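> next input, structure requested:
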Amino acid sequence: MRVLKSQSVKPRPISEFLMKVGSIRCYVSSCRAVLLPRFGGPEVLELRPDVPVPDLKLNEVLVRARAVSINPLDTRMRSGYGRSISKPLLPLILGRDISGEVAAIGASVKSLTVGQEVFGALHPTAVRGTYADYAILSEDELSPKPASVTHVEASAISFAALTAWRALKSTARITEGQRLLVIGGGGAVGFAAIQLAVAAGCHVTTTCGNQSINRVMAAGAEQAVDYTAENIEAVIKGKFDAVLDTIGVPETERIGISLLNRGGHYMTLQGEAAALSDRYGLPIGLPVATAVLLKKRIQYQYSHGIEYSWIYMRADSEGLHEIRRLLEAGKLNIPVEKTFSINQVREAHEAKDKKKILGKVVLELD
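Numbers count the residues shown, from 1 in each chain. Have a look, this model is predicted:
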């Protein structure tokens, strides 16, 4: 990290980190970060010691990262997913989740203060991610971290829980007493969805692997079906008001839609916008994706009377506030299976690629 001395007492619109070094005021102008210079395997990731820290905008917050989690989106982007958007912007910094301390704030930031512990997540299309000693997020992408939760625990929550929140609250608008089916409840988004739905007073059924049965039942699911050993359609009884499909293959889509009540919502995490844009380029791919989504919506509305949606994470200050409340109450968690130092980022990505670690992985920054 390079530190510059300031000769002026007038506030300057640059990334400021007010460190006490005697009576000298200091600014962070660069820091350690993991760069993605090209697409490929874990070996393409480069930990560099002197990556520039951009200027803060009025609504932005500079966060000293203490822990950042690895999401499936990170490994997919590293391999080239979304290249139609990200390739012209290389090198990128991966990472969406973060937990750390506020190092500086933009002039319009009101809810956070320097030195405060925070957690949150960036939008999926952010170019400068969180695999860095210092990350920049907007005010509505952050929330105060509960004191009862460690940085490692907090860093594993936001992206997955906000994705689930967008599906259940913003799209399906679940209410107390409704029935929800989560296809793939053993993953981070599915597990977060179970807990959010239970907290809202919903009745939850889920599918998962055998190793996750006890965990999802303990989280409040009323029925957990081992998809590797049981016939889902034969075992699950009744219809649902909403289905969140975290797997998103044709077979799970067929099953999910067949189990919905009329007027229900089917939501999948496997939207085709990025894949079609990568295949055909943005000018053709995005219109094609829009047409595919519209066709499915019309098809399923006509044939089954249900709503069909592709789900993507979005910043949501109301959702993050509720996630924080549930964290404090002990009603929401995503277990971390293993932590790595940021210096071991290649090893961590390799472990996820080869499925050596099925659970959540977090990178710690000293």
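> now the helices for the stretch 51-200 of the chain?
In the stretch 51-200 of the chain, the helices defined using DSSP state H, counting those that start in this stretch lie at 72-79, 83-86, 151-155, 158-165, 188-199.
> so of those helices, which one's packed in deepest?
helix 158-165 (a mean of 28; mean count of other C-beta atoms under 10 Å). Where C-beta positions appear, they are placed from N, C-alpha and C, glycine not excepted.
> and it, what does it pack onto?
Under the contact definition 3 or more C-beta pairs under 8 Å, 6 or more residues apart in numbering; DSSP states H and E, helix 158-165 sits against strand 97-105, strand 117-121, helix 188-199, helix 317-328.
> next, the angle strand 97-105 makes with that helix.
Put simply, helix 158-165 runs at 110 degrees to strand 97-105, going by axes from the mean of the first three to the mean of the last three C-alpha atoms, to 10 degrees.
> follow-up on the earlier one: and the helices and strands packed on helix 158-165 as JSON lines, adding distance to Thr171 and mean pLDDT?
Formatted as JSON lines, the helices and strands packed on helix 158-165 follow (distance: least, C-beta to C-beta, whole Å; pLDDT from 0 to 100):
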{"stretch": "strand 97-105", "distance to Thr171": "22", "mean pLDDT": "97"}
{"stretch": "strand 117-121", "distance to Thr171": "18", "mean pLDDT": "98"}
{"stretch": "helix 188-199", "distance to Thr171": "12", "mean pLDDT": "97"}
{"stretch": "helix 317-328", "distance to Thr171": "12", "mean pLDDT": "94"}
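> quick check, Pro144 in contact with Glu117.
Yes. In this structure Pro144 lies within contact range of Glu117 using C-beta atoms under 8 Å: 6.8 Å.
> wait, Ala156 touches Thr339, no?
No. If you go by C-beta under 8 Å, Ala156 and Thr339 don't touch, sitting 9.9 Å apart.
> neighbour-wise, which of those two wins?
Neighbour count, other C-beta atoms under 10 Å: between Ala156 and Thr339, Ala156 has more, with 32 against 17.
> tell me the pLDDT of the more buried one.
Ala156 carries a pLDDT score of 96 in this model.
> for it, what are its contacts?
Contact analysis of Ala156 by C-beta atoms under 8 Å, 6 or more residues apart in numbering lists Ser69, Asp97, Ala188, Ile334, Pro335, Val336, Lys360, Val362.
> filter these to the buried ones?
The neighbour-count test (16 or more other C-beta atoms under 10 Å) applied to the contacts of Ala156 identifies Ser69, Asp97, Ala188, Ile334, Val336, Lys360, Val362 as buried.
> going by distance to Arg346, which of those residues wins?
Val362 (15.4 Å; C-beta to C-beta).
> packing partners of the strand or helix carrying Tyr308?
Applying DSSP states H and E as the criterion places Tyr308 in strand 307-310. When contacts are defined as 3+ C-beta pairs under 8 Å, 6+ apart, strand 307-310 sits against strand 260-268, helix 282-303.
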